[in-house]
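J.: Structure for this input, please:
(chains A and B)
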Amino acid sequence: DAKTTQPNSMESNEEEPVHLPCNHSTISGTDYIHWYRQLPSQGPEYVIHGLTSNVNNRMASLAIAEDRKSSTLILHRATLRDAAVYYCILIEGSNYKLTFGKGTLLTVNP
Amino acid sequence: DAGITQSPRHKVTETGTPVTLRCHQTENHRYMYWYRQDPGHGLRLIHYSYGVKDTDKGEVSDGYSVSRSKTEDFLLTLESATSSQTSVYFCAISEAGFGGYTFGSGTRLTVV
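T.: Now for the predicted structure:
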């Protein structure tokens, strides 16, 4: 399975933007980039995904580097409820399985 | 989560007894997955299904079996529960594999 690298933890202040980085230097042309988050005592929650172009939805934005070897999840205004572990995952085009790494623990300060 | 439910939510069972966890979806999605989550290991894939009666193993499938006789139900069975299978189990569904996955709320299983 394709691998991703994320910082173990990040900290942010409430109502400020947060940029969560992810490196995936071995990504192949058919791999989708997915982001999920897991709040304490809950199941993972889908945030956003993309292939080549930047994507926006009501939760976040996904910025994908031109060479696709890295991506950034952007939370435009962090709230206390955004405190969670964020996972960046690659899904191979012919192998529809999510393989979770350790993710990034985001702490949001009031 | 809407469209996917897991049952039971909590279960305590004794070593050596069989246990079945159920995942039920109302989304008519093709793909269904079972994960377990343990401290220090994160989420690991146990088994998955890509259609009725079509299943395959994940990275930690030993000691587990699955069945999918209907689109909406995916059952995970521990034939003879062991203490190492104490964990939180999550089910997930996906329509096309590359779209967003939806996870259930989890089943906390304790084997004593």
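
J.: now what about the strand ranked longest in chain B, what contacts it?
T.: Counting by DSSP state E, the longest strand found in chain B is strand B:42-51. Contacts made with strand B:42-51 from outside it, assessed by C-beta atoms under 8 Å, 6 or more residues apart in numbering or on different chains, are listed as A:44, A:96-103, B:30-38, B:55-61, B:64-66, B:68, B:74, B:76, B:89-90, B:97. To be clear about C-beta, it is placed using only N, CA and C from the backbone, and glycine gets the same treatment.

J.: Could you pull up the contacting residues of residue 34?
T.: You didn't say which chain, so I picked chain A. With C-beta under 8 Å, 6+ apart, A:H34 has these contacts: A:Y46, A:I48, A:H49, A:C88, A:I89, A:L90, A:I91, A:L98, B:G100, B:Y101.

J.: oops, chain B please
T.: Under the criterion of C-beta under 8 Å, 6+ apart, the contact partners of B:W34 comprise B:21, B:23, B:45-48, B:58, B:64, B:66, B:74, B:76, B:89-91.

J.: same question, A:V47
T.: Contacts were defined as C-beta under 8 Å, 6+ apart; by that measure A:V47 touches A:W35, A:Y36, A:R37, A:M59, A:A60, A:L73, A:Y86.

J.: if we go to 7 Å?
T.: A:W35, A:Y36, A:R37, A:M59, A:A60, A:L73 (C-beta atoms under 7 Å, 6 or more residues apart in numbering or on different chains).

J.: Surely the fifth one is in contact with A:A78?
T.: No. At 10.5 Å, A:A60 does not count as touching A:A78 under the criterion of C-beta atoms under 7 Å.

J.: Residues of chain B that sit close to chain A?
T.: Proximity of chain B to chain A is assessed by C-beta under 7 Å from any C-beta of the partner chain, with B:31, B:42-43, B:45, B:48, B:90, B:94, B:97-98, B:100-106 identified as the residues in range.

J.: Mind checking which of the residues you listed are buried?
T.: Of all the residues of chain B next to chain A considered here, the ones buried according to neighbour count by 16 or more other C-beta atoms under 10 Å in any protein chain shown are B:31, B:42-43, B:45, B:48, B:90, B:94, B:97-98, B:100-104, B:106.

J.: quick one: which of the residues you listed is nearest chain A?
T.: Nearest to chain A among these is B:G97, at 2.6 Å by C-beta to the nearest C-beta.
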